[in-house]
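>>> here you go, sequence then predicted model.
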Amino acid sequence: MADLRRADGPGRSGRPTLAVVGATGAVGTVMLRILSQRADIWGEIRLIASPRSAGRKLAVRGEETEVVALTEEAFDGVDVAMFDVPDEVAERWAPLAAAKGAVVVDNSGTFRMDPEVPLVVPEVNPHAVRMRPRGIIANPSCTTLSMIVALGALHAEFGLRELVVSSYQAVSGAGRAGVATLRQQLSLVAGTELGTSPGDVRRAVGDSTGPFPEPVALNVVPWAGSPREDGWSSEELKVRDESRKILGLPDLPVAVTCVRVPVITTHSLTVHARFEGEVTVDKAREILATAPGVVLFDNPAAGEFPTPADVVGTDPTWVGRVRRALDDPTALELFVCGDNLRKGSALNTAQIAELVAAELS
Ligand SMILES: NC(=O)c1ccc[n+]([C@@H]2O[C@H](COP(=O)([O-])OP(=O)(O)OC[C@H]3O[C@@H](n4cnc5c(N)ncnc54)[C@H](OP(=O)(O)O)[C@@H]3O)[C@@H](O)[C@H]2O)c1
């Protein structure tokens, strides 16, 4: 196992030096905002992106900071490097950053299922952060993260036995291109009578479906990710594999259907969770109401349940519509919302980086 401390310790300021790789992207932009809002534990914060962005100035902690291009030298003196870049960029550069002594916290899908890379959610398995023989820690995917804090709390009390999940995923889960596509499509359909005959929306948006296989404005698209065997999508398998790894339940039966909806940011999920024994709604509500990082917002008679319109921009996992399954006293039905760019991505990465910084300090 690699030495957990850099030989030369934290940076000159006495605080660890942080690199944000992919600082200009959808996740990187939220990361800079989060770093400005959380306790200021870092010395230098170095912003890194592609050569296209080198020289741009971005605000972090109230200071204009110049973006530098991704090179090996960019990791000189870096203690912790967050990677918010596409898979192929992380695959090449994360091991190089780790070889230069930085602890990498990677947000891409590249290392999540590597047995030598821990997959960490600080509210669920914080201890795993120290088991990092490759010097890399992985951040789960936004869809898994949007529900796993609530499920981890219920699992700790009831013992999870099966999950059936449907997602309602926001377009920012597909990065800046996803957001740009929905905004453009909305401008093409706004104020029209479209959505009343087959193909009228498709004709209006033309070829501009961006990262999505179908129009996403005025529509729902039962697909996220890329094709895998037997009709499954990569996103669906991620939720299954990652939930099993984070909860330490390698054989947990998990069935997932991922759906894209015309929401800018905040993923929602319906969850059917079956447990070891009988459950009660009262106990489930008590657990969810007191679990760190979870907000129970559940009074449908008063019109109170979470929706992306209210949850976006907030940190917790919001849970509503808590019911016991009508035909199975061991199962619960939940509706869960989480901001995919905050807890679903940047916030969880920041929390992991803070755990590492606490070790280094
Ligand atoms: N969006 C989400 O909800 C979400 C959630 C969890 C995880 N993730 C993961 O987080 C990562 C970033 O996603 P995103 O949505 O933020 O993507 P994005 O908006 O497309 O941003 C990509 C970032 O990577 C940089 N980049 C691209 N190619 C590069 C290269 N060759 N060298 C250096 N930097 C390069 C870009 O820099 P330039 O601006 O210079 O091109 C930009 O900063 C992905 O792996 C994604 O799967 C995303």
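Sure, I can see it.

>>> nearest residue to residue 295 in space, ignoring adjacent ones along the chain?
residue 316 (4.5 Å; CB to CB, 6 or more residues apart in numbering). The way it works is simple: take the backbone N, C-alpha and C, and place the C-beta from them, glycine included.

>>> how far away is that neighbour from residue 341?
Per CB to CB, to the nearest Å, residue 316 is found 14 Å from residue 341.

>>> more neighbours, the two?
It is residue 341, of residue 316 and residue 341, that has more neighbours when counted by other CB atoms under 10 Å, with 27 against 22.

>>> list the contacts of the residue of the stretch 201-350 of the chain found nearest the ligand.
Nearest residue of the stretch 201-350 of the chain to the ligand: residue 345, at 3.6 Å (CB to the nearest ligand atom). When contacts are counted by CB atoms under 8 Å, 6 or more residues apart in numbering, residue 345 touches 27, 30, 84, 107, 139, 142, 145.

>>> go again using 10 Å as the cut-off
26-28, 30-31, 34, 84, 107, 139-142, 145-146, 172-173, 338-339 (CB atoms under 10 Å, 6 or more residues apart in numbering).

>>> mind checking which of these land in helices?
Among the contacts of residue 345, DSSP state H puts 26, 27, 28, 30, 31, 34, 142, 145, 146 in helices.

>>> pick out the most distant pair among these.
Greatest spacing in the ones in helices among the contacts of residue 345, by CB to CB: 28 and 146 (19.2 Å).

>>> look at the two and report which has more neighbours.
Between residue 28 and residue 146, counting by other CB under 10 Å, residue 146 is the more crowded of the two (31 against 28).

>>> wait, isn't the more buried one in contact with residue 265?
No - between residue 146 and residue 265 there is no contact under CB atoms under 10 Å: 11.1 Å.

>>> what's the pLDDT at the closest residue to residue 57 other than its chain neighbours?
Among residues not flanking residue 57 along the chain, residue 64 sits closest, at 4.5 Å (CB to CB, 6+ apart). The confidence metric pLDDT takes the value 96 at residue 64.

>>> these two touch, right, residue 64 and residue 58?
Yes - if you go by CB under 10 Å, residue 64 and residue 58 touch, sitting 7.4 Å apart.

>>> neighbour count winner among those two?
Ranked by neighbour count (other CB under 10 Å), residue 64 and residue 58 place residue 58 first, with 18 against 8.

>>> part of a strand, is that one?
Yes - assessed by DSSP: H, G, I helix; E, B strand; the rest coil, residue 58 belongs to a strand.

>>> that one reaches residue 46, doesn't it?
No - counting by CB under 10 Å, residue 58 stays clear of residue 46, with 11.4 Å between them.

>>> which residues do these two both contact?
With contacts taken as CB under 10 Å, 6+ apart, residue 58 and residue 46 have 20, 23, 65, 66, 67 as neighbours in common.

>>> contacts for the strand or helix carrying the fourth one next, please.
According to DSSP states H and E, residue 66 maps onto strand 63-69. By CB under 10 Å, 6+ apart, the residues outside strand 63-69 that reach it are 19-20, 23-24, 28, 32, 36, 44-59, 74.

>>> rerun at 6 Å
Contact with strand 63-69 is made by 23, 47, 48, 49, 51, 53, 54, 56, 57, 58, 74, as judged by CB atoms under 6 Å, 6 or more residues apart in numbering.

>>> out of those residues, which is nearest to residue 293?
Looking across those and measuring by CB to CB, the closest to residue 293 is residue 23, at 25.1 Å.

>>> what's the pLDDT at the closest one?
98.

>>> next, it: phi, psi?
Main-chain torsions, residue 23, degrees, to the nearest 10: phi -60, psi -20.

>>> residue 296 contacts residue 287, correct?
No - look at residue 296 against residue 287 with CB atoms under 6 Å: they stay out of range, at 9.1 Å.

>>> shared neighbours, the two?
Residues touching both residue 296 and residue 287 (CB under 6 Å, 6+ apart): none.

>>> which parts of this structure are strands?
In the chain, strands defined by DSSP state E lie at 18-21, 45-49, 57-60, 63-69, 80-83, 103-106, 136-138, 160-168, 254-257, 267-275, 294-296, 317-324, 331-338, listed in chain order.

>>> make CSV out of those strands and add distance to the ligand.
CSV is the format used below for the strands of the chain (distance: least, CB to the nearest ligand atom, whole Å):
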stretch, distance to the ligand
strand 18-21, 7
strand 45-49, 4
strand 57-60, 10
strand 63-69, 7
strand 80-83, 8
strand 103-106, 8
strand 136-138, 10
strand 160-168, 12
strand 254-257, 16
strand 267-275, 8
strand 294-296, 20
strand 317-324, 15
strand 331-338, 10
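
>>> redo those as CSV? Include distance to residue 228.
What follows is the strands of the chain, written out as CSV (distance: least, CB to CB, whole Å):
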stretch, distance to residue 228
strand 18-21, 27
strand 45-49, 30
strand 57-60, 36
strand 63-69, 34
strand 80-83, 24
strand 103-106, 21
strand 136-138, 19
strand 160-168, 16
strand 254-257, 12
strand 267-275, 20
strand 294-296, 31
strand 317-324, 27
strand 331-338, 24
